[in-house]
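Undergrad: Structure of the sequence below:
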Amino acid sequence: MISATDIDRLLNGKATVYDQNDEKVGSLSQIYLDDTTGEPSWATVNTGLFGMSESFVPLEGADARGDDLRVGYTKDQIKDAPNLDEDHHLEAADEDRLYEYYAMQGSGRAQATNTTREHEHEHTRDHSPEVGQTHPGAADEDSLTLSEERLNVGTQTQESGRVRLRKYVVTENVTKTVPVQHEEVRIERVPVGEERSGRIDEDGGEVEVTLHEEKAVVDKDTVAVEEVRLGKETVTEQETVSADVRKERLDTDDDDGHRNR
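TA: Residues are numbered from 1 along each chain as shown. You can find the predicted model right below:
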């Protein structure tokens, strides 16, 4: 049995009604409350061609499954239920007809209590036919309103990724050539005139010359060579999207069983 807390969710969510075999019956239209207890006792379901008919089904044994409603009767039972005016108070006689009908189907769920039941809105005036939802707008008896879904396409911005700029150190070998100098000994011989006297040095003699040379030395310093920044630019491209949309179409059946479209 559904509770009062299920009513708003089912009606506002336009619940789909399934039978005891989990076969889709139609969409939920109204819920009727018991005059005495205020508990939900009956519901009407949009059935028939394009859902233009409404059939009563007891809520005893019904089960709210999320935004859908499962009842304890078959689809054929519900569609063949007695036609009643769902836009006024459900009188005892009307309810007795419904109880008798469902009991005759052998479901064993509908127990005739002879209690007058009424459908009313939670915040309402007297004799409001439904809870939490207005009655669907009815067209003329000889006309139908066709509806279709339209595909609306837009864009939204979302994060697609992040880019980080990071630096690291690599080592490479650099070779350079630099000129270096060194001193070498060169013997120079200069003739001396005969007027200059000489002597023999028994101990010998020696002359010492200091030689110099340049060595390549390496020194390093750090200099800034380049500044790198992260920037963004917007690129526009075309993207194709597709989705299925539903459209209502008409066909007719005549008394001879011929179908026209």
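Undergrad: count of neighbours near residue 18?
TA: If you count neighbours by other Cβ atoms under 10 Å, residue 18 ends up with 18. (C-beta placed from N, C-alpha, C; glycine too.)
Undergrad: Go ahead and confirm it touches residue 73.
TA: No. With contacts counted by Cβ atoms under 8 Å, residue 18 stays clear of residue 73, the gap being 10.6 Å.
Undergrad: phi, psi of the nearest residue to residue 84 once chain neighbours are set aside?
TA: In this structure, residue 84 finds its nearest non-sequential neighbour in residue 94, 5.1 Å apart by Cβ to Cβ, 6 or more residues apart in numbering. Per-residue torsions, residue 94: phi -60, psi -40 (degrees, to the nearest 10).
Undergrad: ok, residue 94 to residue 30 distance?
TA: 14 Å (Cβ to Cβ, to the nearest Å).
Undergrad: any common contacting residues for those two?
TA: Residues touching both residue 94 and residue 30 by Cβ atoms under 8 Å, 6 or more residues apart in numbering: none at all.
Undergrad: Which SSE is immediately downstream of the least confident helix or strand in the chain by mean pLDDT?
TA: Least confident helix or strand, the chain: strand 117-118 with a mean of 36, by mean pLDDT, DSSP states H and E. Toward the C-terminus, strand 117-118 is succeeded by strand 252-253 as the next helix or strand (DSSP states H and E).
Undergrad: Could you check which of residue 94 and residue 30 has the larger neighbour count?
TA: Per other Cβ under 10 Å, whichever of residue 94 and residue 30 has more neighbours is residue 30, with 25 against 19.
Undergrad: My read is that that one contacts residue 43, right?
TA: Yes. Between residue 30 and residue 43 there is a contact at 6.8 Å, judged by Cβ under 8 Å.
Undergrad: Find me the pLDDT at residue 74, would you?
TA: Here, the pLDDT recorded for residue 74 equals 90.
Undergrad: Could you report the distance from it to residue 19?
TA: Residue 74 is 5 Å from residue 19, where distance means Cβ to Cβ.
Undergrad: So which of those two has more stuff around it?
TA: residue 19 (20 against 16).
Undergrad: Just the mean pLDDT for stretch 21-31, thanks.
TA: 89.
Undergrad: oh sorry, the question was meant for stretch 146-155
TA: 86.
Undergrad: List of residues touching it?
TA: 241, 243, 245-250.
Undergrad: Scan the protein for its longest strand.
TA: strand 24-34 (DSSP state E).
Undergrad: which element follows that strand toward the C-terminus?
TA: Next along from strand 24-34, by DSSP H and E: strand 40-47.
Undergrad: Now that next one - C-alpha only, CSV.
TA: Extracted as CSV, the C-alpha positions of strand 40-47 are listed here (Å, rounded to 0.1, in the frame of the first residue of the first chain):
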residue,chain,number,x,y,z
PRO,A,40,-5.0,6.8,-0.7
SER,A,41,-7.5,4.2,-1.9
TRP,A,42,-8.1,4.6,-5.7
ALA,A,43,-6.1,5.9,-8.7
THR,A,44,-7.0,6.8,-12.2
VAL,A,45,-4.7,5.8,-15.1
ASN,A,46,-4.5,7.4,-18.5
THR,A,47,-5.3,4.6,-21.0
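Undergrad: what's the angle from it to strand 24-34?
TA: Orientation note: strand 40-47 sits at an angle of 150 degrees relative to strand 24-34 (axes from the mean of the first three to the mean of the last three Cα atoms, to 10 degrees).
Undergrad: Name the surrounding residues that touch strand 40-47.
TA: With Cβ under 8 Å, 6+ apart, strand 40-47 has contacts from 1-4, 6-7, 17, 25-34, 52-60, 62, 69, 71, 78-79, 86, 90, 95, 98, 117, 119, 131, 136.
Undergrad: Much appreciated, bye for now.
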